[in-house]
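Enquirer: Build me a structure from this.
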Amino acid sequence: MKRPPQFATEADLCSAFMAQLPPGWTAYPETAGWDILLVHSSGAQVGVQAKLRLNAKVLTQASENYWDLENPGPDYRAILVPAEASTDLEALAAYCSMTVVRCWPPRACWMSSKGSHSPVLPGAVGDHEANWFPLLPAKRHPLPDYVPDVTAGASAPRTLSRWKVSALRVQALLDETGYVTRQDFKALQIDIRRWIAGGWQAWLEAVPNSGTDDIGFPHFRRGTTMPDFGAQHPEVYPQVKATMADWMPKWRSAGEVTQ
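Expert: Numbering: from 1, shown residues only. Predicted structure coming up:
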C-alpha cells in the first residue's frame, strides 16, 4: 500500500513550518514575492519558496538573478520541501547559494508535537554556517505595516499589498467617521478614481449636501457595491482600526467618531 505524502498541499507544508519557528522569528506569508518571508528581530531576512517536490522550477523561483543585485532582497534564500523530497538537486541549490530546508510534519509520538525542520535557521543554536549563504543584499525587502493574515503557499494566494493596506484604512475611516474625502485618498496614497468610477457600480457615493473641495469633489460614503476588505483580512483589520491615530490624515481630528 502506497504511503500517503507527508503534506497534501504546499499550504499545509508552510503552515507546519511556520508553527515550528523559534523565538525571534516572524513569518510574513505571501510577502515580497515569497511564499514566506522570515524576519528575525535583528532585521535579517530569509526568503522561502515552498514546493512539494525539489525540482528545477522552484530553484528558478528562489534563485537570485542579475537584475536583483540592486533591488531589495533577503539575506538568505531557501527552498522549503517535505523531508521525504528527493535530494537530487540539493547540491545544485547549494551551488546557487540556496538552502534546502526539509520539514517533518507533527507527530504525537515525537518529542515535539509541532514537527521539525532541518537545517535550523541561520543564527539559531546548532546552526552550521555552511548550511546558509549570506547574499548581502543592497537593501532588504520593505515590510508591510501589518503581518499578513493570508495563507502561505496557497495556489491562488491573497496578499496584503500596500494598496490593500490603504484600502483597509479607507474602510476604517468610513466605518469610524461615516465619510471619506479626496484629501484622505491623497494622504493614504491610493487613487480615488477606482472607487468613484462606474456610475451605479461605483464603490463610493456622494454624501448629499456635503459641500465640495477646491476642485468640486464632495464627501463620499460607502456604496452598496464596495467590497468588504475588512472581512477579507479579519486579523489585520482590527489592527488597522486600533492604530488610526498613527496613520489618520493630518487634516482630520483625532477625536472623530462614527457619526
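
Enquirer: Which residues in the longest helix along the chain does the neighbour count mark as buried?
Expert: Identified as the longest helix of the chain according to DSSP state H is helix 162-177. For helix 162-177, a neighbour-count test (16 or more other CB atoms under 10 Å) marks Lys164, Val165, Ser166, Ala167, Leu168, Arg169, Val170, Gln171, Ala172, Leu173, Leu174, Thr177 as buried. All C-beta spots, glycine's among them, are computed from the backbone N, C-alpha and C.

Enquirer: okay, among these, which ones form the most distant pair?
Expert: Lys164 and Thr177 (20.4 Å; CB to CB).

Enquirer: count of neighbours near Arg3?
Expert: As a burial measure, Arg3 scores 6 neighbours (other CB atoms under 10 Å).

Enquirer: can you check Gly178 too?
Expert: Neighbours of Gly178 (other CB under 10 Å): 15.

Enquirer: low pLDDT regions in the chain?
Expert: Along the chain, segments meeting pLDDT under 70 span 1-2, 108-115, 124-129, 253-259.

Enquirer: Helices of that one, start to end?
Expert: Going by DSSP H, the chain shows helices at 10-18, 56-62, 90-95, 162-177, 182-187, 193-196, 229-232, 236-242, 244-247.

Enquirer: and those helices, which is most packed in?
Expert: helix 10-18 (a mean of 21; mean count of other CB atoms under 10 Å).

Enquirer: ok, and what's touching that helix?
Expert: 7, 27, 29, 35-36, 48, 50-52, 80-82, 101, 103, 105-106, 114-115, 117, 151-155 (CB atoms under 8 Å, 6 or more residues apart in numbering).

Enquirer: From Trp34, how far out is Ala138?
Expert: 17 Å (CB to CB, to the nearest Å).

Enquirer: Of the two, which one has the most company?
Expert: Trp34 (23 against 10).

Enquirer: separation between the more buried one and Arg222?
Expert: 34 Å.

Enquirer: Equivalent analysis for Glu30, please.
Expert: Glu30 is 27 Å from Arg222, by CB to CB.

Enquirer: Those two - which one has more neighbours?
Expert: Glu30 (21 against 18).

Enquirer: How about the contacts made by that one?
Expert: Ile36, Pro148, Val150, Thr151, Ala152, Ala154, Pro157, Arg158, Thr159, Leu160.

Enquirer: Tell me which two in these are the farthest apart.
Expert: Ile36 and Arg158 (14.6 Å).

Enquirer: So between those two, which is more surrounded?
Expert: Shown here are Ile36 and Arg158; by other CB under 10 Å, Ile36 has more neighbours (23 against 15).

Enquirer: Distance of the more buried one relative to Glu10?
Expert: Here the criterion is CB to CB. By it, Ile36 lies 11 Å from Glu10.

Enquirer: and if you look at Ala231?
Expert: Distance from Ala231 to Glu10, by CB to CB: 25 Å.

Enquirer: Repeat that for Pro22.
Expert: 22 Å.

Enquirer: picking up where we left off before, out of the helices of the chain, nearest to Tyr76?
Expert: Closest among those, using CB to CB: helix 56-62, at 10.5 Å.

Enquirer: who does the closest one touch, helix- and strand-wise?
Expert: Applying 3 or more CB pairs under 8 Å, 6 or more residues apart in numbering; DSSP states H and E, we find helix 56-62 packed against strand 45-50, strand 76-82.

Enquirer: Kindly export the longest one (C-alpha atoms) in PDB.
Expert: What follows is strand 76-82, C-alpha atoms only, in PDB (Å, rounded to 0.1, in the frame of the first residue of the first chain):
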ATOM      1  CA  TYR A  76      19.300  34.300   2.600                       C
ATOM      2  CA  ARG A  77      17.200  32.300   0.100                       C
ATOM      3  CA  ALA A  78      15.600  29.000   1.000                       C
ATOM      4  CA  ILE A  79      13.500  26.200  -0.600                       C
ATOM      5  CA  LEU A  80      11.100  24.500   1.700                       C
ATOM      6  CA  VAL A  81      10.200  20.900   0.900                       C
ATOM      7  CA  PRO A  82       8.900  17.900   2.700                       C
END
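
Enquirer: Done for today, thanks.
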